[in-house]
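**Q** My questions are about this predicted structure, shown below with the sequence.
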Amino acid sequence: MKFSDLLLMSITNLWKRKLRTVLTVLGVVIGITSIVVMVALGNGLKESMMENISSYSSITQIEVSSGQSWNSSGTQAEERLLNDELVNTLKSMEHVVDVYPQLNVSVIAKSGKYMSYMDITGMTQEGLASLDLPIAEGALPSANGEFKLFYGSSVLTNFYEEKTNTYPYWEKNELPQIDLMKTPMFVIFDIDAYWSSRNSGDSGGTTVKPPKKYLVEASGIMAGKPDEWTNNSSSVFCDINALKSQLKRVFKKKAVPGQPTRKNGKPYNELFYTRLVVQVDEMENVQELTKMLQDQGYNAYSDAEWIQSQTEQMNTIQLVLGAIGAVSLLVAAIGITNTMMMSIYERTKEIGVMKVLGCDIHNIQTLFLMEAGFIGFVGGVVGLAFSYVISIVINNLLAASQVGAEMGMSGGICRIPPWLPPLAVVFAILIGMIAGFLPSLRAMRLSPLAAIRNE
């Protein structure tokens with residue numbers, strides 16, 4: 001018999017027993033819907049977690065700071081400092097996309113009656129561009145050599161009145177009257193000297209000359225509300241080369257605060273970076289590079305290890321949810337087996353006639369397998385359609401609730417991955433054929449004479 005003949009016969013036989021077929025298909029629909037929705041829930045939780053992590057940290061970045069290397073005897077060998085040589089070495093490594101050096105310095109900023117402590121971060125043009133900072137006014141600091149500052153949206157909240165020591169924003173819910181773009185800021189780089197001069201002369205002590213104040217203009221301001229916290233809302237940025245030049249003018253041959261010194265206490269001839277941000281091509285390569293840097297004595301940190309543990313937990317949850325759905329499909333498989341066994345009992349004489357007429361026994365087996373597979377196929381397709389409907393309903397309900405907004409699940413919690421629909425249909429067909437295998441064997445092994453005599 002041709003394949004088309006077998007397919008037509010199997011569909012005809014199922015259609016003759018519509019109610020039983022529909023009930024059996026319904027079991028497969030419930031099973032496939034359960035599996036797809038459960039897996040989609042697990043996938044949605046996993047993707048939402050990754051999106052939330054990506055919103056406040058980069059999953060493909062490594063943060064490197066200076067450290068200590070140790071020899072085999074357990075004693076300190078040398079201090080591992082961050083310089084241009086290390087930057088170039090890292091850039092030449094496999095899987096490293098780019099390296100962004102950072103130079104941090106703490107200063108005191110003054111404007112009229114207000115003052116604040118600031119941490120200024122000097123970065124390269126590529127590093128500043130990689131932050132993708134939203135700009136409300138002005139522009140990012142340029143590489144023209146001018147020392148200008150780019151302020152975060154929440155910087156003004158940290159200013160206080162010097163005389164009264166009160167914070168306008170935190171105590172009165174109002175921002176200081178400072179126009180960052182129009183009014184240059186007085187910046188004091190030598191904080192220790194500033195406080196020494198303020199406290200000098202007390203109780204007849206020696207008077208210390210106050211450090212020089214530098215008038216610094218703004219290059220721009222970050223977009224955002226003062227009360228909206230982000231990674232960079234309280235940060236102050238500048239061009240790294242301009243910051244180096246400024247520090248050399250301010251401190252000349254003296255040690256720059258926060259910079260390492262030689263064993264005799266004298267400063268190095270170069271300024272070392274506070275931190276390096278290493279951009280890696282794929283998250284899978286982050287841990288390997290992080291461990292290599294740690295083995296060399298540097299302090300290297302990335303979110304990759306924590307993300308991996310979280311991903312493993314989510315995979316376990318996804319597996320458990322899928323297993324719960326699979327129980328329904330197992331029940332459906334038992335239903336298919338029962339349906340096919342009943343069909344064989346009812347069609348025993350028909351099977352006997354087919355054998356007597358010379359029908360190949362393997363064709364008989366194929367006929368029953370096709371019937372079982374067709375039940376699985378229809379159940380899989382219908383179950384898949386139901387899964388999409390249920391997913392849309394769940395996502396809409398979650399979007400309308402406060403829980404969805406708090407969890408930041410803008411894309412919905414129920415997300416069906418592209419690979420799942422075809423796999424679900426194929427899986428349903430296989431389950432149907434496996435469930436129909438034993439009944440098809442029974443049909444194939446029936447004695448023709450005994451089958452014909454059967455009433």
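**A** Arrived safely, thanks for sending. Remember, predicted model here, so these are calculated numbers, not experimental data.

**Q** then stretch 303-316 to PDB, C-alphas only?
**A** Written as PDB, here are the backbone C-alpha positions of stretch 303-316 (Å, rounded to 0.1, in the frame of the first residue of the first chain):
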ATOM      1  CA  ASP A 303      29.100  39.400  37.500                       C
ATOM      2  CA  ALA A 304      29.600  36.300  35.400                       C
ATOM      3  CA  GLU A 305      29.900  33.900  38.200                       C
ATOM      4  CA  TRP A 306      26.900  35.200  40.000                       C
ATOM      5  CA  ILE A 307      24.900  35.300  36.800                       C
ATOM      6  CA  GLN A 308      25.900  31.700  36.000                       C
ATOM      7  CA  SER A 309      24.700  30.500  39.400                       C
ATOM      8  CA  GLN A 310      21.400  32.400  38.900                       C
ATOM      9  CA  THR A 311      21.100  31.000  35.400                       C
ATOM     10  CA  GLU A 312      21.600  27.400  36.700                       C
ATOM     11  CA  GLN A 313      18.800  28.000  39.300                       C
ATOM     12  CA  MET A 314      16.500  29.300  36.600                       C
ATOM     13  CA  ASN A 315      17.300  26.300  34.400                       C
ATOM     14  CA  THR A 316      16.400  24.100  37.300                       C
END
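
**Q** Find the centremost residue of the chain, please.
**A** Met50 (2.5 Å; Cα atoms, centre = their mean).

**Q** Thought Ile59 was touching that residue, still the case?
**A** Yes - between Met50 and Ile59 there is a contact at 7.3 Å, judged by Cβ atoms under 8 Å. For the C-beta atoms, the positions are set from N, CA and C on the backbone; glycine is no exception.

**Q** coming back round to it: list the contacts of the residue nearest to the centre of the chain.
**A** Met50 is in contact with Ile59, Ile307, Thr311, counting by Cβ atoms under 8 Å, 6 or more residues apart in numbering.

**Q** From Leu82, how far out is it?
**A** 30 Å (Cβ to Cβ, to the nearest Å).

**Q** same question, Arg275
**A** Counting by Cβ to Cβ, the gap from Arg275 to Leu82 is 7 Å.

**Q** cool, and Met340?
**A** 71 Å.

**Q** And those two? Which one has more around it.
**A** In this view Met340 and Leu82 are compared by other Cβ atoms under 10 Å, and Met340 has more residues nearby, 25 against 22.

**Q** from what I can see that one touches Glu371, true?
**A** Yes - using Cβ under 8 Å, Met340 is in contact with Glu371, at 6.8 Å.

**Q** Show me whatever sits in contact with both of those two.
**A** Contacts common to Met340 and Glu371, judged by Cβ under 8 Å, 6+ apart, are Gly436.

**Q** Who are the contact partners of the closest residue to Gly412 other than its chain neighbours?
**A** Of all residues not flanking Gly412 in the chain, Asn395 sits nearest, at 3.3 Å (Cβ to Cβ, 6 or more residues apart in numbering). Going by Cβ under 8 Å, 6+ apart, Asn395 touches Gly412, Ile413, Cys414.

**Q** of the residues you listed, closest to Ile324?
**A** Ile324 lies nearest to Cys414 out of the contacts of Asn395, by Cβ to Cβ, at 14.9 Å.

**Q** Now the closest one: closest residue in space, sequence neighbours ignored.
**A** Nearest to Cys414 is Ser391, by Cβ to Cβ, 6+ apart, at 4.1 Å.
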